[in-house]
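J.: kindly return the folded structure for what I paste below:
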Amino acid sequence: MKRPICGFNVLSGPVCMRNGKAYFSKARWDGCDKRAPKKGELFISGAIPQAYRATSDMDEEYYIAVPLDPDTYL
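T.: Below you'll find the predicted structure:
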């Protein structure tokens, strides 16, 4: 199985709000093969890999990311 260049490293994700403050969420690769993201899922993309949220079901395949609990890094 191929894996993304970032491996299981923590990635920056979309901006979120917590306790009235904006912060970049964190995510990491889920460990599975590439597939097309569904609406609302995080996927990994970019020359400097980051996690993005799919605004609709996508046709192109990407590595899927899972969000990390903010209490572990805030």
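J.: surely residue 2 and residue 33 touch.
T.: Yes - Residue 2 is within contact range of residue 33, at 7.4 Å (criterion: Cβ atoms under 8 Å). Every residue, glycine included, has its C-beta placed from N, CA and C.
J.: just want to know which of those two has more residues nearby.
T.: residue 33 (11 against 6; other Cβ atoms under 10 Å).
J.: now that one: how far from residue 39?
T.: Separation of residue 33 from residue 39 (Cβ to Cβ, to the nearest Å): 20 Å.
J.: okay, buried residues for stretch 57-67 please.
T.: Buried positions in stretch 57-67, judged by neighbour count with 16 or more other Cβ atoms under 10 Å: 62, 63, 64, 65, 67.
J.: is it true that the first one touches residue 43?
T.: It stands for residue 62. Yes - using Cβ under 8 Å, residue 62 is in contact with residue 43, at 3.9 Å.
J.: need the residues touching each of those two.
T.: Common contacts of residue 62 and residue 43 (Cβ atoms under 8 Å, 6 or more residues apart in numbering): residue 37.
J.: which residue ranges form the strands in this protein?
T.: Under the criterion DSSP state E, strands of the chain are mapped to 11-18, 21-29, 42-45, 50-53, 63-67.
J.: packing partners of the second one?
T.: Applying 3 or more Cβ pairs under 8 Å, 6 or more residues apart in numbering; DSSP states H and E, we find strand 21-29 packed against strand 11-18, strand 63-67.
J.: what's near enough to touch the residue nearest the centre of the chain?
T.: The centroid of the chain falls nearest to residue 51 when counting by Cα atoms, centre = their mean (3.1 Å). By Cβ under 8 Å, 6+ apart, the residues touching residue 51 are 11, 12, 13, 14, 25, 27, 42, 43, 44, 65, 67.
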